[in-house]
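Undergrad: Okay, predicted coordinates and the sequence, questions at the end:
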Amino acid sequence: MQKMKFWFLTPLIILSLIMGGPSLAAEKKAIQPAAKAVENVVIGFTASQTGKFNVESTRQIHGLSLWMDQVNAAGGIKLPEGTVVKFAAKFYDDESKKDRVQELYTRLINEDKADFLISPYSSGLTDAAAVIAQQYKRIMITCGAASDSTYNKGYTLVYQTYTPASRYLTGAIDLLAQMDPKANQVAIVYEAAKFSTDVVNYLKDYAQKKGFQVVLFEGYDPGATDFAPFIDKIPKGTDAIMGGGHFADTSTFAKQLYEKGVKTKMVALLVAPPEDQFAELGDAAYAVIGPSQWESSANYNPKAAKKLGLEYYGISVADFTKNYKEKYKENPTYHSAGGYVAGLLLQKAIEMAGSTDSAKVKAALDKMNLMTFYGVIKFDTAKAHGLQVGHDMVYIQWQRDAKKKLVKRVVWPEAAATGKPVFYRTK
Amino acid sequence: MRNLLRLGYLLPVVLILIWGLVVIIHGEDTLREKTFTLLMFVGMASSLNILLGYTGYVSFGHIVFFGLGGYFGFYLLAQHDWSLIPASLAGGAMSAVIAGLLGVAVLRLRGAYFALATIGINEAARAFVTNFGPFGGATGLYVNFSVYEAYGGASQALWSTFTCLWITALATIIASALVKGSRFGLGLMAIREDEDAAMVMGVKAPQAKTLAFMISAFFPGLIGTLYFFKNGNVEPGDAFHLHMSIELLVMVMLGGQGTVFGPMLGAVTYEGLRGYLLTSPLFKSLHLAVSGLFLLIIVLFVPAGVVGWIRHRLPITRRLLE
């Protein structure tokens, strides 16, 4: 037995030293010379294949993969001088943690020769990746990264597809003002985590600027399950309750608002309402509003683009939804749409630039102002370079159809609306 | 200091020295990034060993010092324009001071009670930072990309950060060796074997434990500042990962607690394996399962850690592996 252990463990230890030690020999990959008329462009990114962002990140990657399959199947992008650009993906698991993000992006650029980068999922991971992208002068399209701060750091090559946190819930204030011009009191109860705190800080400023009084502004610990103390603090007569955080806490908050019989004109919460599972709350889900980056029922089409004086580019909402469902046997979410549109924007920028040269593609992205199935896309080119300034959130509301079944309808902005908003509970 | 010249103490110091030099001379960015991650864990595991390995106190809160010290150092960098080295040292000093204060209270506890208290400290620290305005509250702090210009551009800044981390890892190993070879270290090990008996023999256990706790906390604070500076931002979620504390314990146990070489070997093996599996075309989708299996086998077969096992099996190596 002792002998067996010796022979088993000795090679194991030697192996670990070889793998972990200073001789960490990089796997040098032979670079295949591209065929004359075909240029293979490598898109590098990390995916959260494990860890807390797994679900969202997987959907994002599904969207990106669908775009890549479609563009390659259509013969790639034909550049003016005759070269055909085709795309290949190279990615690693970031485990939903920041620890190795910079290491993996450095590897993607130096060893896998990634020409363009897509961000990891979440603002925190994207912040770490952006330092590397900027250092190596690689364009990085971010999706799943809504924080404004990333774009206030002086990066010139990082472009955001999501509507930033600063405008995540502000549309709900506009909607409330339209539903009831006399409304003037808002209570904000939110998860004290980075994303939700970012969102509500901007929301509070915006509400006050629009003449609303913020009657309650309270954060709860991530993972909170009892919201009664917060609900009890909401003054009677408050016109709207806004906030939330992630799926679990926001769903529980919505449920407890209903169970405690809170009367208010609007309940607008983060993250959970756009998810299909939110309907499992039954009556507690009714009339709850939630901001979403994209919905399959949103009305973005060439006609809407023309009305705004913009070009419409790429796939239609219906085709994206259909193709995604066919390939992945599930409905696309805004994470999926974000992944797809990240690739689509890169495609459009390469077409506009007529080249894959980073400087020319950057110039094209800076100039971009168009509508896609995902909505309007335009980037800030001034102080907050790369910040998304064209895209707007759509606000969904859970309503009942003719058969009294809960359905999601887009109620804001008007251009994308598929239904009229209703009050939450006033009697 | 004479103790440091013993072969067993010199070996890890020389290995780290050569390792860093090779990376710097080679000048390859990918290798630098891989080594940064490994050296970070070498420093963290070796510093934890000063408490866990020498006194036998199991701490789940080592990451608190990485988080709090790192936050403080990064705060000085981002809000008060301190440069990297003084900010890192201040981060380390802050961690040591906090450890000194905490030590007075929690080091009275023993065994499972101490371990439980350290978990509580981790949660309390995270809650404190989440609600502490100067540290940016829940949204954290960040630096502008232009900050790296002061270090010769982003590329040079990353190399400078690497060099600082390399020196820190080296300093941690030297500190670990100095503690182990000193009278103070013998006192700590006496506490580990039987605290009451050690006190009867004249070891001033409360003071010795607190000092070990402070030395052990200094290095994570320094490493935290370097890590957050490299990432360009810090937020509470990144700074107080309880699972990282647990991983550090695994590294120390895996390599061999109470030895100078063991935590370094454990960190390199554990993190090296993770990094290899993550980027291996064959295992990249199964890396967690393979890494878990590998770990299980080692823990089952080598409960004394790799260094303990080698020392036991090959007596000739005892002078070499301390």
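TA: Received the coordinates, thanks.

Undergrad: Tell me the residue of chain B that sits nearest chain A?
TA: residue B:272 (1.9 Å; CB to the nearest CB). For the C-beta atoms, the positions are set from N, CA and C on the backbone; glycine is no exception.

Undergrad: which strands and helices sit next to the helix or strand that residue B:226 is a member of?
TA: Per DSSP states H and E: residue B:226 is located in helix B:205-231. When contacts are defined as 3 or more CB pairs under 8 Å, 6 or more residues apart in numbering or on different chains; DSSP states H and E, helix B:205-231 sits against helix A:123-135, helix B:29-55, helix B:62-80, helix B:84-106, helix B:154-181, helix B:183-193, helix B:195-200, helix B:236-239.

Undergrad: Excluding chain neighbours, what is closest to residue A:304?
TA: residue A:415 (5.8 Å; CB to CB, 6 or more residues apart in numbering or on different chains).

Undergrad: how deep is that neighbour tucked in, by neighbour count?
TA: Other residues lying near residue A:415 total 16 when counted by other CB atoms under 10 Å in any protein chain shown.

Undergrad: Provide a list of residues in contact with it.
TA: A:299, A:304, A:307-308 (CB atoms under 8 Å, 6 or more residues apart in numbering or on different chains).

Undergrad: Narrow the residues you listed to those in helices?
TA: Judged by DSSP state H, the subset of those located in helices is A:304, A:307.

Undergrad: What is the neighbour count of residue B:9?
TA: The tally of other residues near residue B:9 (other CB under 10 Å) stands at 21.

Undergrad: Just to check, residue A:150 is in contact with residue A:126?
TA: Yes. Shown here, residue A:150 and residue A:126 form a contact pair, counting by CB atoms under 8 Å, at 6.0 Å.

Undergrad: what residues are shared contacts of those two?
TA: residue A:142.

Undergrad: Point out the least confident one among the contacts of residue A:415.
TA: The lowest pLDDT within the contacts of residue A:415 belongs to residue A:299, which sits at 81.

Undergrad: I'd say that one and residue A:419 touch.
TA: No. With contact defined as CB under 8 Å, residue A:299 does not reach residue A:419; the gap is 11.1 Å.

Undergrad: Relative to chain B, how far out is the residue nearest the centre of chain A?
TA: Nearest to the mean C-alpha position of chain A, by CA atoms, centre = their mean, lies residue A:144 at 3.0 Å. Here residue A:144 is placed at a distance of 15 Å from chain B (CB to the nearest CB, to the nearest Å).

Undergrad: cool, residue A:39 as well?
TA: 24 Å.

Undergrad: for that residue, phi and psi?
TA: Here is the backbone geometry of residue A:39 (degrees, to the nearest 10): phi -110, psi 120.

Undergrad: And for residue A:246?
TA: Per-residue torsions, residue A:246: phi -110, psi -180 (degrees, to the nearest 10).

Undergrad: residues near the nearest residue to it once chain neighbours are set aside, how many?
TA: The spatial neighbour of residue A:246 that comes closest, neighbours along the chain excluded (CB to CB, 6+ apart), is residue A:271 at 5.5 Å. Number of residues near residue A:271 (other CB under 10 Å) recorded here: 24.

Undergrad: pretty sure residue A:399 is in a strand, no?
TA: Yes. Counting by DSSP: H, G, I helix; E, B strand; the rest coil, residue A:399 is found in a strand.

Undergrad: if we look at the sheet, which residues does the closest residue to it other than its chain neighbours bridge to?
TA: If you skip the residues right next to it in sequence, residue A:399 has residue A:409 as its closest partner in space, 5.2 Å away by CB to CB, 6+ apart. Counting by DSSP bridges, residue A:409 forms beta bridges with residue A:397.

Undergrad: For residue A:409, which residues are in contact?
TA: A:297, A:396-397, A:399, A:417-419 are the contacts of residue A:409 under CB under 8 Å, 6+ apart.

Undergrad: change it to 7 Å
TA: Going by CB atoms under 7 Å, 6 or more residues apart in numbering or on different chains, residue A:409 touches A:396-397, A:399, A:418-419.

Undergrad: ok, now residue A:271?
TA: So residue A:271 contacts A:244-247, A:250 (CB under 7 Å, 6+ apart).

Undergrad: Strands of the stretch 301-427 of chain A, residue ranges please.
TA: A:311-312, A:369-372, A:375-378, A:394-400, A:406-412 (DSSP state E, counting those that start in this stretch).

Undergrad: Near chain B, which residues of the stretch 51-200 of chain A are found?
TA: Residues of the stretch 51-200 of chain A lying close to chain B by CB under 7 Å from any CB of the partner chain are A:92-93, A:98-100, A:102-103, A:106-107, A:110-111, A:124, A:127-128, A:131, A:134-135, A:149, A:153-155, A:192-194, A:197-198.
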